[in-house]
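> test case, fold it:
(one chain, ligands or ions: 1)
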Amino acid sequence: MLRRHLVQALSLSALTLGLPLAHADDSTFKIGLILPMTGQAASTGKQIEAAAKLYIAQHGDTVAGKKVELIVKDDTGLPDVTKRIAQELVVNDKVDVLAGFGLTPLALAAAPIATQSKTPMVVMAAATSSITEASPFIVRSGFTLPQVSVAMGDWAPKNGIKSVVTLVSDYGPGNDAEKYFSERFELNGGKVIDKLRVPLRNPDFAPFLQKVRDEKPDALFVFVPSGNGAAVMKQFLERGMDKAGIKMIATGDVTDDDQLNDMGDGAIGVVTSHHYSAAHPSAVNKKFVADFEAANKGMRPNFMAVGGYDGMRVIYEAAKNAKGQGGGPALLAGMKGQIFESPRGQVLIDAQTREVVQDVYLRKVEKKDGQLYNVEFDVIKSVKDPAKVKQQ
Ligand code: PHB
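Down below sits the predicted model:
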């Protein structure tokens with residue numbers, strides 16, 4: 001106890017005084033990967049850890065002449081824990097880079113540590129648009145909710161959906177999804193009848209779905225974070241919402257590849273917009289899915305895994321680009337402007353916004369070879385985070 005307090009106190013004062021925090025000794029390159037390995041977002045932690053390890057297995061455990069050391073820490077999904085771990089990784093372990101961050105509040109809790117210590121922080125999962133504004137040292141390797149929600153606001157009214165109720169988890173990414181979907185949907189002539197928000201922790205969807213049934217929209221638009229989609233789908237089907245003529249539309253977080261097969265055939269036909277599907281028909285993705293499944297007892301990778309895998313790519317290439325120049329700012333510079341083919345398609349790390357510019361797909365749940373997949377049927381190329389396009 002006492003030791004922990006002492007370490008914390010020293011860490012804090014080193015950070016707040018702006019003391020130079022020496023980085024790892026010259027022969028190692030340390031990546032501090034902070035993930036929720038337990039708690040409600042544990043599936044995100046599991047997917048990202050597996051993806052990071054796959055990247056290292058495929059690309060080797062040395063980069064730019066240094067031995068890579070991956071330090072994985074469980075923050076249990078609690079922001080105070082994320083912050084303490086980030087501090088310890090920076091001050092004690094002297095990591096070169098922080099990475100992971102399974103939920104928005106966790107990323108926001110660590111942001112000041114990245115800024116104060118000038119340590120690049122790769123946000124692989126959390127997807128509220130404003131996160132990259134919380135520190136100039138944050139680079140995103142996943143996506144933002146505005147980026148994927150706008151595509152659904154364009155697709156729905158063109159496909160016979162004129163009235164919608166939105167149902168989102170009541171925190172950053174849910175509020176982003178609600179706002180950007182609704183604005184675009186109404187711009188295209190649709191009507192949002194009601195906007196419902198459910199608590200993030202232990203949500204009970206039943207009373208909300210009852211309300212939606214009474215309101216009788218053409219469709220229900222849903223966002224819940226990865227790992228929670230199956231619960232919404234189950235209650236949607238149990239209440240016979242589909243039979244009452246209410247369609248479900250959503251971001252791909254809901255028909256998550258990690259859970260899709262457990263949702264059953266009732267999920268068939270659900271249309272979502274997202275940046276990654278395990279069924280993306282490229283050679284790069286087929287290899288990624290096959291290697292990931294082989295290394296993880298058949299577990300199918302989801303969009304969180306891809307955020308983690310690509311985040312590792314961004315880190316490795318940045319280390320090479322920095323050409324042995326030590327320190328956070330050189331590593332950060334090496335992350336900006338990277339262009340590469342990800343399992344999701346072509347991506348760019350926008351040097352100005354530090355966001356991923358990527359293709360967004362419309363997908364429909366279909367059964368192929370006895371398994372459920374999000375099958376892509378349309379694409380919007382090179383989508384920037386719309387929240388930042390407005391500001392530029
Ligand atoms: C987030 O907390 O930012 C978050 C988590 C899971 C998702 C999307 C966003 O699927």
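
> can you give me the buried ones in stretch 372-392?
Across stretch 372-392, burial judged by 16 or more other CB atoms under 10 Å covers Leu372, Tyr373, Asn374, Val375, Glu376, Ile380, Val383, Lys384, Asp385, Pro386, Ala387, Lys388. For every residue, glycine as well, the C-beta is placed using N, CA and C.

> and stretch 85-103, by the same measure?
Across stretch 85-103, burial judged by 16+ other CB under 10 Å covers 85-91, 94-103.

> report pLDDT for the closest residue to the ligand within the chain.
The ligand sits closest to Pro225 of the chain, with a gap of 3.2 Å, by CB to the nearest ligand atom. Here, the pLDDT recorded for Pro225 equals 98.

> how close does it get to Gly266?
21 Å (CB to CB, to the nearest Å).

> beyond the helix or strand hosting Gln210, next helix or strand please.
Using DSSP states H and E, Gln210 falls within helix 206-215. Per DSSP H and E, the first helix or strand lying C-terminal to helix 206-215 is strand 219-223.

> so how far is that following strand from its chain's centroid?
19 Å (CA atoms, centre = their mean, to the nearest Å).

> next: stretch 308-316.
With CA atoms, centre = their mean as the basis, stretch 308-316 stands 13 Å off its chain's centre.

> who touches that stretch?
Contact partners of stretch 308-316, identified using CB atoms under 8 Å, 6 or more residues apart in numbering, comprise 31, 47-52, 54-56, 59, 63, 97, 99-100, 120, 122, 124-125, 139, 141-142, 288, 301, 335, 338, 340, 342-344, 347, 349, 356.

> and stretch 307-325, what's its mean pLDDT?
95.

> how about that stretch as CSV, C-alpha atoms only?
Taking C-alpha atoms only, stretch 307-325 is exported to CSV below (Å, rounded to 0.1, in the frame of the first residue of the first chain):
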residue,chain,number,x,y,z
GLY,A,307,-8.1,-1.4,-34.4
GLY,A,308,-5.4,-3.2,-32.3
TYR,A,309,-3.7,-4.9,-35.2
ASP,A,310,-3.5,-1.7,-37.2
GLY,A,311,-2.4,0.3,-34.1
MET,A,312,0.6,-2.1,-33.8
ARG,A,313,1.4,-1.4,-37.5
VAL,A,314,1.3,2.3,-36.9
ILE,A,315,3.6,1.9,-33.9
TYR,A,316,6.1,-0.4,-35.7
GLU,A,317,6.3,1.8,-38.8
ALA,A,318,6.6,4.9,-36.6
ALA,A,319,9.6,3.4,-34.8
LYS,A,320,11.2,2.7,-38.2
ASN,A,321,10.3,6.3,-39.4
ALA,A,322,11.9,7.8,-36.3
LYS,A,323,15.2,6.2,-37.4
GLY,A,324,16.5,5.7,-33.9
GLN,A,325,15.7,9.3,-32.8
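
> what does the protein put close to the ligand?
By CB under 6 Å from any ligand atom, the residues of the chain that approach the ligand are Leu103, Thr104, Ala125, Ala126, Ala127, Thr128, Gly172, Pro173, Pro225, Ser226, Asp253.

> buried residues, the helix holding Gln210. List them.
By neighbour count on 16+ other CB under 10 Å, the buried set for helix 206-215 is Phe208, Leu209, Val212, Arg213.

> please name the residues that touch the last one.
With contact taken as CB under 8 Å, 6+ apart, Arg213 is in contact with Arg239, Met241, Ala244, Ile246.

> which of the three states applies to Lys195?
Classification of Lys195 using DSSP: H, G, I helix; E, B strand; the rest coil returns strand.

> err, Ala278, not the other one
Per three-state DSSP, the local secondary structure of Ala278 is coil.

> okay but it is in contact with Thr255, surely?
No. Taking contacts as CB atoms under 8 Å, Ala278 lies outside contact range of Thr255: 10.9 Å.

> more neighbours: Pro225 and Gly266, which one.
When Pro225 and Gly266 are compared on other CB atoms under 10 Å, the one with more neighbours turns out to be Pro225, at 27 against 15.

> who's in contact with that one?
Ala41, Thr44, Leu103, Ser169, Pro173, Leu200, Asp253.
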